[in-house]
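Visitor: Here is a sequence together with a model predicted from it:
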Amino acid sequence: MTNYDLVVIGTGSGNTIVNRRFADWKVAFVERGTFGGTCLNFGCIPTKMFVHAADVAATPSVSSRYGVDEQLLGVRWPDVRDRIFGRIDPISASGSEYRHHNPDNANVTFYDGTGRFTGFKELTVDNKDGSTSVFSAERFVIATGSRPVVPPIPGLEETGYHTSNTIMRLEELPRRIAIIGSGFVAAEFAHVFAAFGVEVTIVARSKELLRPEDGEVAARFTEIAQELYDVRLNHETVRVARRDDGSIQLKMLTPTGVDELVVDELLVAVGRTPNSDLDLDTTGVEVDTEGRVVVDAYQQTAVEGIYALGDVTSPLQLKHVANHEARVVKHNLLNPDDRIESDHRFVPHAVFSSPQIASVGLTEEQAKERGIPYVAAVQRYADIAYGWAMEDTTGFAKVLADPKSGQIIGCHIIGPQAPTLIQPVVQAMSFGLDAYTMARGQYWIHPAMPELIENALLKLDLHPEG
């Protein structure tokens, strides 16, 4: 049986671990899906390329408020789609080619197939060519990511549906689409398809969209979404069927009875589940009740030498988290006597919807639930000069801080360029810069959008000495 120094299962962030510093290691990669993982092929990158095209397409719908009359003449969906995947697919292919055949990877063996543990630190791979490979390793990195959850709705499999893995490669734009789900995937694709002229219906079991966000942000987003799309809250889809004309019929239960909907395409976006179905118990690796691989602060599992990172272990399911954890794992593999811990204190996230949303730290609801003292302040886009230029009447930033130390404990933004605006707050939180010093200790360009953050900080009820 072949024995490796290191086996990496998954080629998303896991692929970034092995570089020239591992040139004297005997390494194997195992990949059952598409090289490059979710972010490159099905997630972050292609979706945001679609979002930017949607932002451009949506411009005429609001241009008149500035005294500019514009028209959207049309959306060439195949051109939009092919521009995006014409860039992404070659990157995935070249990455695979590099790992398979580049002389720099002479020490690397690549297995195209599905791996499962069949013994202690022993992996069996069912290769795509029909063969089977069995090998062992001193060290493993489990970086298998996650996949879309498909709920057990009667008729769903027979009818056919899309997930975020497939919806971006449609042959043509539908006239009507239903999106089952209330999270960030639903929010982003609702914006994309609506901007391209598709009639969008969001079907949500919950009473609100984006519920994990700060309460005020979720409420504002839901209010705006109801103006943009057909949003059906408190609707549970109980049956799906394909009609004779090819359309899709949804039957939904509501607090007042039964509702029905007919569309041309169906996107299921109810969440993601870890790809931890590797028979991990065979090698002693623990998995929690949510299916996530259990790791310590060093990203190591209960088995010495077996590490895990990214969506398969993190409830955050964010590419920047996976990348951070990959850097930690790389260091710890190379420096077993001087290991470092992952830092998950201040992890931001964003929703590239319309409007955009960004968040870091505690929500106001979390601070209350945990009994953490805080003060909060809200600044509206409408009350800063650049907000006047944009005529934004709905967006705002909320900042939470410790009333005594002034340390920022949370920030939540809904509005234009929210993911960009929040970065200085992430920096301040990460390096211990208090709110008053952040606001008064530097220049803020006037009348740029970051004044939204400056003014929110200044509104906090803090009383610094001096």
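Guide: Received, thanks.
Visitor: how far away is Glu391 from Glu451?
Guide: In this view, Glu391 and Glu451 are 16 Å apart by CB to CB, to the nearest Å. From N, CA and C alone the C-beta is placed, and that goes for glycine too.
Visitor: who's more crowded, those two?
Guide: Shown here are Glu391 and Glu451; by other CB atoms under 10 Å, Glu451 has more neighbours (21 against 11).
Visitor: Which residue comes closest to that one once chain neighbours are left out?
Guide: Ile384 (4.8 Å; CB to CB, 6 or more residues apart in numbering).
Visitor: got it, and Ala389?
Guide: In space, Ala389 is closest to Pro447, 7.7 Å off (CB to CB, 6+ apart).
Visitor: in the protein, which residue is closest to the centre?
Guide: Most central in the chain under CA atoms, centre = their mean is Leu318, positioned 4.9 Å from the mean C-alpha point.
Visitor: Would you agree it is in contact with Val351?
Guide: No - assessed by CB atoms under 8 Å, Leu318 is found out of contact with Val351, at 11.7 Å.
Visitor: is it fair to say Glu158 lies in a helix?
Guide: Yes - counting by DSSP: H, G, I helix; E, B strand; the rest coil, Glu158 falls inside a helix.
Visitor: For it, give me its contacts.
Guide: The contact partners of Glu158, by CB atoms under 8 Å, 6 or more residues apart in numbering, come to Ala241, Arg242.
Visitor: try His320
Guide: Contacts of His320 (CB under 8 Å, 6+ apart): Val347.
Visitor: Tell me which stretches of the stretch 51-200 of the chain form helices.
Guide: Taking DSSP state H, counting those that start in this stretch, the helices of the stretch 51-200 of the chain run over residues 77-101, 156-159, 184-195.
Visitor: Any chance of CSV for the ones you listed, columns mean pLDDT?
Guide: Output for the helices of the stretch 51-200 of the chain, formatted as CSV (pLDDT from 0 to 100):
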stretch, mean pLDDT
helix 77-101, 95
helix 156-159, 97
helix 184-195, 98
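Visitor: Could you identify which of the ones you listed is most buried?
Guide: helix 184-195 (a mean of 24; mean count of other CB atoms under 10 Å).
Visitor: Off-centre distance for that helix?
Guide: 14 Å (CA atoms, centre = their mean, to the nearest Å).
Visitor: one step back: please convert the helices of the stretch 51-200 of the chain to TSV, extending it with distance to Glu341.
Guide: As requested, those are exported to TSV (distance: least, CB to CB, whole Å):
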stretch	distance to Glu341
helix 77-101	29
helix 156-159	42
helix 184-195	28
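Visitor: Nearest to Asp55, out of the ones you listed?
Guide: helix 184-195 (7.3 Å; CB to CB).
Visitor: what sits against the residue nearest to the centre of the chain?
Guide: With CB under 8 Å, 6+ apart, Leu318 has these contacts: Val347, His349.
Visitor: ok, now how distant is it from Asp214?
Guide: Per CB to CB, Leu318 is found 17 Å from Asp214.
Visitor: picking that back up, okay, now the residue nearest to Glu451: neighbour count?
Guide: Count around Ile384 with other CB under 10 Å applied: 24.
Visitor: Show the backbone phi and psi for Cys411.
Guide: Reported as degrees, to the nearest 10, the phi and psi values for Cys411 are phi -150, psi 140.
Visitor: What are the neighbouring residues in contact with it?
Guide: Neighbours of Cys411 in contact, by CB under 8 Å, 6+ apart: Ala358, Ser359, Val360, Gly361, Ala397, Lys398, Val399, Leu400, Ile422, Val425, Met429, Ile453.
Visitor: now swap in Ala23 and tell me
Guide: The neighbours of Ala23, taking CB under 8 Å, 6+ apart as the test, are Asn107.
Visitor: what does the model give it for pLDDT?
Guide: On the pLDDT scale, Ala23 is placed at 94.
Visitor: got it, and His463?
Guide: 69.
Visitor: again, but for Pro274
Guide: pLDDT at Pro274 comes out at 98.
Visitor: pretty sure it is touching Val294, no?
Guide: No - Pro274 is beyond contact range of Val294, at 11.1 Å (criterion: CB under 8 Å).
Visitor: Now stretch 279-288: buried residues?
Guide: Within stretch 279-288, the residues that count as buried by 16 or more other CB atoms under 10 Å are Leu280, Thr282, Thr283, Val285, Val287.
Visitor: whoops, stretch 141-149 was the one
Guide: Using 16+ other CB under 10 Å as the test for burial, stretch 141-149 gives Val141, Ile142, Ala143, Thr144, Gly145, Ser146, Arg147, Pro148.
Visitor: Can you name the two of those residues that sit furthest apart?
Guide: Val141 and Pro148 (23.4 Å).
Visitor: any idea where the strands of the stretch 351-466 of the chain begin and end?
Guide: 357-361, 375-380, 396-401, 408-414 (DSSP state E, counting those that start in this stretch).
Visitor: Wait, Leu228 touches Phe193, no?
Guide: No - Leu228 is not in contact with Phe193 according to CB under 8 Å; the separation is 11.0 Å.
Visitor: list residues touching both of those two?
Guide: Val200.
Visitor: In contact with Leu40, which residues?
Guide: By CB under 8 Å, 6+ apart, the neighbours of Leu40 are Gly12, Ile88, Ile91, Ser92.
Visitor: separation between the last one and Leu250?
Guide: If you measure Ser92 against Leu250 using CB to CB, the figure is 34 Å.
Visitor: remind me which residues of the chain are low pLDDT?
Guide: 463-466 (pLDDT under 70).
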